[in-house]
Structure formats: structure tokens, C-alpha cells
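Visitor: could you look at this predicted model? Sequence included:
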Amino acid sequence: MIFTELRFLLFFGLVFACHWALRGAVARKLLLLGASYGFYAAWDPRFLALILASTVVDFLIGLGLNDDRPQTFRRALLALSLTFNLGLLAVFKYFNFFADALGALLATLGLEASPASLDLILPVGISFYTFQTLSYTIDRYRGQLAVERSPLDFALFVGFFPQLVAGPIVRAAEFLPQLKHKPLFWSVSWRAALVLFLFGYAKKALIADRVAAFVDPAFAAAPELGALMLWLAAALYFVQIYCDFSGYSDMAIACAALLGYRLPLNFAFPILARSVTQFWRRWHISLSSWFRDYLYIPLGGNRSGRARTYVNLALVFLLCGLWHGAAWTFVIWGALHGAALVLERATGLGPRLERTPLGLAWTLFLATCAWVFFRAADPSQALQFLAGMFGAGSGADVPAGWSTAAWAGGLFLGCHALNARFGLEQRLARVPDLPFALAYGATWALLLPFAASGYQPFIYFQF
């Protein structure tokens, strides 16, 4: 189910009503767990087994990671959690990629090989819930998190449906303590949650899906397009992926809030960032902070000298790119961002850029060019697209729908800047009840006729 579909709204409305009608905390959790598994099974019920396996394995490992156990035993349990979870991810997401890479390497060495391949469907959301469960076992190993003894609470933490398939990545330390207290109806910030859901819906259905109608054909027909159209397509893809992904995050956070739970912020106006360093403090915050705390800092962070710091940054962003997908385009995308971060740190450029509008231009330029690799089918298509952007192509076609997409993108950027400057979401949430209800209903009535027809999957479902 997609958040912008009528069937999801009906599903959520039913869950919402039953959740608040139930008085017992355990009954509410059972309802939410059943709804979460039903939500996930709507994609493919076979993959429920993977979520259940991760849940059972890491719950049991968490029980064994007590401080009074021998350190060698605790290390073995952590290694088992890492091997099991990352092993599932490797098989379903990366097996064919690494097999093909090995075959290509052997071919360059003059050796003939026919690497095996697996015909597997990528389970939706596996990258997200894998990182969630790992946050529990790693924090337990570090002694930073108390053991969770309730199988129901742990299962709900892993499978909670609002953020299950595309984040935000919720850590155990953020969510498990919330399950120890029954949500109170009167404590929910209703207006803030409803406004956030409306903003998320508008980003997805009014902006991202409208822009996609131009961006997708433009990438497919890049050789026939001129430089101006290619720059427009690349810039609008930036708008599309931001509105698509942040729109999902907004709706996920809003749905959780309407059920009485808090999910972490995932975006903080990254399009307005004035350095690549600042961009990654604002873009997909739950992922970038996960890599920082569970990979960059354990590798040594910036504590082992400048050269080691740069290596750590580059490695983390190579893996960040690979996390997004088993393709060289994602690896190159991550490498470009890693190189930009190293450049900003090595030269001290980042802090200087953040004090000037030039920083905004630099960040938008780098991010827009890097998104070409993220969107392209393969590196050759990306390089051809970039060459056309910089005038190497000779195409002159003008795709249909470019003006509508440009207007949608421009309208969003204007609203985005106003929201960042004046905090429109917070201001709307403070409107008195009756005017709020009237304005909210009228806004939905005005927006729905302009929503894109059909239901487009969220881009991050593929990760």
C-alpha cells in the first residue's frame, strides 16, 4: 500500500479508530503489530519470514548480551547478529552485483568464469529494518541500552508499519522506551500531525509525481535533448527525489504521531544547505547519523589524524552509496559526495561556504550533478547525460510536459523557502480549532483535483 492511495487512508483510519478505542496497552500493541504485518504482507507475504527471522534472532541475541557474560561470548553474539542480518542483505540485495563484479575482474585477468546468479526479488524495506535491528544489538553490546525482555515490544519496534518500508531509520533507543508507556489521546499534537501529513501528501502527489512525468522521459531520451533541457531534468530530479522521499518521511512521522509515537526527523531543508557537509546534516538524517555512529566513529572518525579522517569519510560514503543499491551508479554517487566532503574538510572550504550564498550554488551544483548517477540506469548513461549538460550533445528536442514540471518545481522551491524562513508548519499548527478544521478541509478539497493521476511507488521503496 502507498500512503497516497485511498486504500491506505481507509486502512489507517481503521487502525487509528481501533487503536484509540482499545483501553489496554497490550491490546493496542497487538493491534499495531498485526496491522504492521498485514501492511507488509500487502507487498509480498513471503517476506514476512525475513522480518520474523530478524526479530527472533536479534531479540534472543539481545538477551544474551549482558555485561556479566564473558567478553568473547558477547563478541561472538554480536558477530552472529552482524553476520545474520548483513548476510540476508547481501544475499537478497548484493549477491548478483558482487558476482558480476568478480566475473568482470577475472575476465580482465584473462580468466574465464561464469559467476552464479540468483533470481531473487528484493524485499521492500530490508535495508531499513536491517539497520534498525542492528542498532539494538550494537547498542546492547556497547552497554548503552537495557535489555528488552518483551517479545511483543521488540517485534513492534522492528515492524512498526509507518516507517517499515522507507524509514526514517528508528533506533531501538528512540522507540523501545516509548512502548513502556501507553499513549494518551489528549497528549497527541493533532494539528501538527495533520499538517505534516498534508505537507507530505502534497510533496508526493502534487510535486514529485508531476515532475516525474517530465524527468523519466527526459532521462530516457537524453541524447535527443539540448543542454538546457538536460539541466532542467537534472535539477527537477533533485526536486522529485526530495519531495518523494521527504514526503514519505513526513507522512510516516505524522501517522506515528497520530497513534501516539514519535519518529525522528529525517530532513531539515537540505535543498537550502550551503555546503555538502551541511547537506548531509540535513538529508536523510536517520541514515547519515547511523553511518556516523556505527561506522565512521568506530573506524576512528577524526581522532586518528587528517589522512585517516579523509579515508574514513570516503569509505563511509562509498558504503552509503552501496547501501542505496547494488549498482556502480550508486557507488559513484557516494564517492562524489565523499570526495566533496573530503575537499571541504581538507581545505576548510565548508565553514567559509556556509557564510556566503556561494555555498548554496556550490552545493546545488554538486548535488545536481551527482543525482544524475543516482538516477541513471548505468554509468555510461550518466556520463552521456552529463556530457550533454555541459554542451557535448547536439540534441535539440523539447519534451512535452516540461513547462508543467518546471512550474511545479518552481512552486515547490518557493514554498520550501517560505517554510524554512517562516516555519509555516508550526504556524498552521497553532491556528485555533474551528478555523483550522475549516481551512484544513478546504485545503484538501483544493489540492486533490491537482494530484497526479494514478499511484506512483515511492522511489526509496527499491532500497
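Guide: Here it is on my side, so go on.
Visitor: I'd say Leu78 and Leu134 touch.
Guide: No. Applying Cβ atoms under 8 Å, one finds Leu78 not in contact with Leu134, separated by 9.6 Å. For glycine as for every other residue, the C-beta is placed from the backbone atoms N, C-alpha and C.
Visitor: which one of the two has more residues nearby?
Guide: Remark: of Leu78 and Leu134, Leu134 carries more neighbours, 24 against 19, as counted by other Cβ atoms under 10 Å.
Visitor: what's around the closest residue to that one other than its chain neighbours, how many residues?
Guide: Using Cβ to Cβ, 6 or more residues apart in numbering and skipping residues adjacent in sequence, the residue nearest Leu134 is Asn85, 5.6 Å away. For Asn85, the count of nearby residues is 23 (other Cβ under 10 Å).
Visitor: same check, this time on the one 3 residues further on
Guide: Counted by other Cβ under 10 Å, the residues lying close to Leu88 total 17.
Visitor: please apply the same query to Ala377.
Guide: Neighbour tally, Ala377, other Cβ under 10 Å: 11.
Visitor: next, the contact list for it, please.
Guide: Residues near Ala377 by Cβ atoms under 8 Å, 6 or more residues apart in numbering: Thr329.
Visitor: mind checking the SS state of it?
Guide: coil (DSSP: H, G, I helix; E, B strand; the rest coil).
Visitor: measure it to Trp328 for me?
Guide: 11 Å (Cβ to Cβ, to the nearest Å).
Visitor: for Leu225, what are phi and psi?
Guide: In terms of degrees, to the nearest 10, the main-chain angles of Leu225 are phi -100, psi 150.
Visitor: Val215 is in contact with that one, correct?
Guide: No. Taking Cβ under 8 Å as the definition, Leu225 is not a contact partner of Val215, at 11.7 Å.
Visitor: what sits in contact with each of the two?
Guide: With Cβ under 8 Å, 6+ apart, Leu225 and Val215 have common neighbours Ala233.
Visitor: low-confidence stretches in the chain?
Guide: Low-confidence segments of the chain (pLDDT under 70): 100-118, 392-398, 452-455.
Visitor: longest helix of it?
Guide: helix 227-258 (DSSP state H).
Visitor: pull the CA atoms of the helix or strand following it into CSV?
Guide: For helix 227-258, the following helix or strand on the C-terminal side (DSSP states H and E) is helix 276-282. The C-alpha coordinates for helix 276-282 follow below in CSV (Å, rounded to 0.1, in the frame of the first residue of the first chain):
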residue,chain,number,x,y,z
VAL,A,276,27.9,19.4,1.2
THR,A,277,28.8,18.9,4.8
GLN,A,278,25.7,20.8,5.8
PHE,A,279,23.7,18.9,3.2
TRP,A,280,24.4,15.6,4.9
ARG,A,281,23.4,17.0,8.3
ARG,A,282,20.1,17.8,6.7
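Visitor: what's in contact with helix 276-282?
Guide: Taking Cβ under 8 Å, 6+ apart as the rule, helix 276-282 contacts 267-270, 273, 288, 337, 340-341, 344-345, 350, 354, 359, 362-363, 366-367.
Visitor: and the helices in the stretch 251-400 of the chain?
Guide: With DSSP state H, counting those that start in this stretch, the ranges of helices along the stretch 251-400 of the chain come out as 276-282, 285-291, 306-324, 328-347, 349-353, 357-375, 379-389.
Visitor: out of these, which gets nearest to Leu196?
Guide: With Cβ to Cβ as the criterion, Leu196 lies closest to helix 285-291 of the helices of the stretch 251-400 of the chain, at 15.6 Å.
Visitor: helices and strands around that closest one, which ones?
Guide: helix 126-142, helix 306-324 (3 or more Cβ pairs under 8 Å, 6 or more residues apart in numbering; DSSP states H and E).
Visitor: beyond the helix or strand encompassing Thr404, next helix or strand please.
Guide: In this assignment (DSSP H and E), Thr404 forms part of helix 402-422. Toward the C-terminal end, the helix or strand that comes next after helix 402-422 (DSSP H and E) is helix 424-429.
Visitor: right, and the helix or strand after that next one?
Guide: helix 433-447.
Visitor: what helices or strands is that next one leaning on?
Guide: When contacts are defined as 3+ Cβ pairs under 8 Å, 6+ apart, helix 433-447 packs onto helix 190-201.
Visitor: which parts of the helix it packs on are buried?
Guide: Going by neighbour count (16 or more other Cβ atoms under 10 Å), the buried part of helix 190-201 is Arg191, Ala192, Ala193, Leu194, Val195, Leu196, Phe197, Leu198, Phe199, Gly200, Tyr201.
Visitor: who touches it?
Guide: 3-4, 246-251, 253-255, 257-258, 425-426, 428-431, 436, 440, 443-444, 447.
Visitor: among the residues you listed, the buried ones, what's the ChimeraX command?
Guide: Filtering those down to the buried ones (16+ other Cβ under 10 Å) takes a single ChimeraX command:
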select :3,4,246,247,248,249,250,251,253,254,255,257,258,428,429,436,440
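Visitor: can you tell me what sits against the helix holding Thr404?
Guide: 203, 206-207, 210-211, 213-215, 218, 229, 232, 235-236, 239, 243, 269, 271-272, 424-425.
Visitor: how far does it sit from the chain's center?
Guide: Centre-to-centre, helix 402-422 and its host chain are 22 Å apart (Cα atoms, centre = their mean, to the nearest Å).
Visitor: restrict it to CA atoms and write it as PDB.
Guide: What follows is helix 402-422, C-alpha atoms only, in PDB (Å, rounded to 0.1, in the frame of the first residue of the first chain):
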ATOM      1  CA  TRP A 402       8.500  20.400 -19.400                       C
ATOM      2  CA  SER A 403       6.700  23.600 -18.600                       C
ATOM      3  CA  THR A 404       4.200  21.900 -16.200                       C
ATOM      4  CA  ALA A 405       7.100  20.200 -14.400                       C
ATOM      5  CA  ALA A 406       9.100  23.400 -14.200                       C
ATOM      6  CA  TRP A 407       6.100  25.300 -12.700                       C
ATOM      7  CA  ALA A 408       5.600  22.500 -10.200                       C
ATOM      8  CA  GLY A 409       9.300  22.500  -9.200                       C
ATOM      9  CA  GLY A 410       9.400  26.300  -9.000                       C
ATOM     10  CA  LEU A 411       6.200  26.500  -6.900                       C
ATOM     11  CA  PHE A 412       7.700  23.900  -4.500                       C
ATOM     12  CA  LEU A 413      11.000  25.700  -4.200                       C
ATOM     13  CA  GLY A 414       9.200  29.000  -3.400                       C
ATOM     14  CA  CYS A 415       7.000  27.300  -0.700                       C
ATOM     15  CA  HIS A 416      10.000  25.400   0.600                       C
ATOM     16  CA  ALA A 417      12.000  28.700   1.100                       C
ATOM     17  CA  LEU A 418       9.000  30.300   2.800                       C
ATOM     18  CA  ASN A 419       8.500  27.300   5.100                       C
ATOM     19  CA  ALA A 420      12.200  27.400   6.100                       C
ATOM     20  CA  ARG A 421      12.100  31.200   6.700                       C
ATOM     21  CA  PHE A 422       8.700  31.500   8.500                       C
END
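Visitor: from here on, count from 20
Guide: With 20 as the first residue, the last one maps to helix 421-441.
Visitor: returning to that earlier point: turn the helices of the stretch 270-419 of the chain into a markdown table, columns for mean neighbour count and distance to Pro142.
Guide: Shown next, in a markdown table, are the helices of the stretch 270-419 of the chain (neighbours: other Cβ atoms under 10 Å; distance: least, Cβ to Cβ, whole Å):
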| stretch | mean neighbour count | distance to Pro142 |
| --- | --- | --- |
| helix 295-301 | 20 | 27 |
| helix 304-310 | 20 | 18 |
| helix 325-343 | 18 | 15 |
| helix 347-366 | 20 | 18 |
| helix 368-372 | 18 | 37 |
| helix 376-394 | 19 | 21 |
| helix 398-408 | 18 | 26 |
